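Asks: Take this sequence and fold it.
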Amino acid sequence: MRTITLSTVDAFVIVDLDDAPVSTGIVRQGPKILPSGAEDLARSLTYTYAALGMQRGGASAGINAPDDAKDDAIAAFATELAPQATTLLIGPGKGVTAADLAGLRTNDPRVALTGAQHDSLVAAGAVAAAAHSLGGLDGALVAIEGFGAPSKALVAQLLAQGARVVGVATAKGSLRNLDGFSAEDLAASAALVGEGADPAFKVLGVECDVLFAGSKIGAIDHKGAAFLTAKAVVPTSTIPVTAKALAALQRAGIAVLPDFVTLAGPVLAAWGAAGRDDAALLAETTATVRAILDEVAGHADGPLLASCYRAEAFLRTWQTTLPFGRPLAA
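Replies: Prediction:
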């Protein structure tokens with residue numbers, strides 16, 4: 001792993017594999033973007049590529065600038081990075097738009113996805129992983145940590161498979177309905193929690209079969225893990241489980257699914273053929289996630305670590321040494 005420090009702006013790029021022919025990732029803008037979080041994002045993406053059998057690496061960038069100076073800072077970042085835009089493909093993250101980075105897409109071979117497509121593919125991977133873990137979702141009780149507007153696709157796919165959403169949580173608080181929220185309630189998205197949050201209730205403790213986790217890196221630590229009753233934890237964003245939480249959940253017999261597999265859908269679609277319709281992209285994501293989890297099913301160390309071993313076996317075919325550290329939050 002190496003860090004590129006830009007000279008024209010307070011910004012950096014983390015490149016996970018030094019000799020990868022292509023590295024991809026996002027850039028985030030804020031007053032203080034921490035390299036540690038960028039390293040986690042890059043490592044998870046490296047493992048996604050390895051899980052998919054692609055000789056590519058993860059990357060992640062940060063632009064440190066207040067909002068009133070962000071336009072100039074992002075422009076300087078894009079200009080300085082342009083000469084590397086054939087092997088270092090950086091897309092927009094928090095605080096950055098696709099238009100901001102238009103100059104970096106000139107030589108980008110990936111298929112551009114809309115926000116709705118991205119959310120649907122993330123949901124498809126997460127739902128496929130949950131269904132694989134439980135043997136189906138009809139009648140399953142699920143809770144969503146990190147609930148918000150992007151959860152619309154997840155909710156739609158869960159309800160279509162007969163699941164009941166019994167708990168949701170945002171940064172504003174948590175809400176539960178053990179009879180299951182209606183589609184109309186869930187369509188209100190984050191406003192549902194903002195208006196009706198119960199400060200005494202924590203979604204991690206809701207009685208459910210599956211907990212979808214995705215508010216932030218390390219959202220579930222070992223303290224929170226003690227409250228879980230779910231049979232499976234399924235990531236909807238990068239590395240929501242810490243290493244200590246994984247150990248605690250394994251001891252409790254709770255399966256933790258690998259984020260670098262559940263989030264594979266947008267990566268598959270971006271490197272696939274242009275022009276495929278949404279149904280084909282969703283079907284490919286579902287089939288790929290199920291196939292990977294089929295390969296590691298029944299492993300004594302659980303699906304997350306077993307998927308790490310599988311990804312690392314591929315990395316060894318083209319890397320002389322493995323990157324240090326697995327995709328788990330500290």
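Asks: Could you tell me how many residues sit around D277?
Replies: If you count neighbours by other Cβ atoms under 10 Å, D277 ends up with 8. C-beta coordinates here come from the backbone N, C-alpha and C atoms, glycine included.
Asks: go on, the one 10 residues further on?
Replies: Using other Cβ under 10 Å, the number of residues around A287 comes to 13.
Asks: confidence score at it?
Replies: Per-residue confidence (pLDDT) for A287: 98.
Asks: Pull up the gap between it and V234, please.
Replies: 17 Å (Cβ to Cβ, to the nearest Å).
Asks: tell me the mean pLDDT for the helix or strand encompassing D71?
Replies: Following DSSP states H and E, one finds D71 within helix 70-81. Helix 70-81 carries an average pLDDT of 96.
Asks: Give the pairing partners of the next helix or strand after it; include direction for each.
Replies: Using DSSP H and E, the next helix or strand after helix 70-81 towards the C-terminus is strand 88-92. With DSSP bridges as the test, strand 88-92 is paired with strand 23-30 (parallel).
Asks: In the next helix or strand after the strand it pairs with, which residues are buried?
Replies: Going down the chain from strand 23-30, the next helix or strand is helix 35-51, by DSSP H and E. Neighbour-count burial for helix 35-51, counted by 16 or more other Cβ atoms under 10 Å, picks out 37-51.
Asks: Count residues in the vicinity of G173, would you?
Replies: G173: 18 surrounding residues under other Cβ under 10 Å.
Asks: bridging residues for it?
Replies: Legend: beta-bridge partners of G173 under DSSP bridges are T170.
Asks: Distance of it relative to K202?
Replies: As for G173, its distance to K202 is 9 Å (criterion: Cβ to Cβ).
Asks: same thing with T86?
Replies: Using Cβ to Cβ, one gets 47 Å for the distance from T86 to K202.
Asks: Looking at those two, which is more packed in?
Replies: More crowded of T86 and K202, by other Cβ under 10 Å: K202, with 16 against 13.
Asks: Does that one touch A226 like I think?
Replies: No: in this structure, K202 is not within contact of A226 by Cβ atoms under 8 Å, at 11.2 Å.
Asks: so what sits against both of the two?
Replies: When contacts are counted by Cβ atoms under 8 Å, 6 or more residues apart in numbering, K202 and A226 have no shared neighbour.
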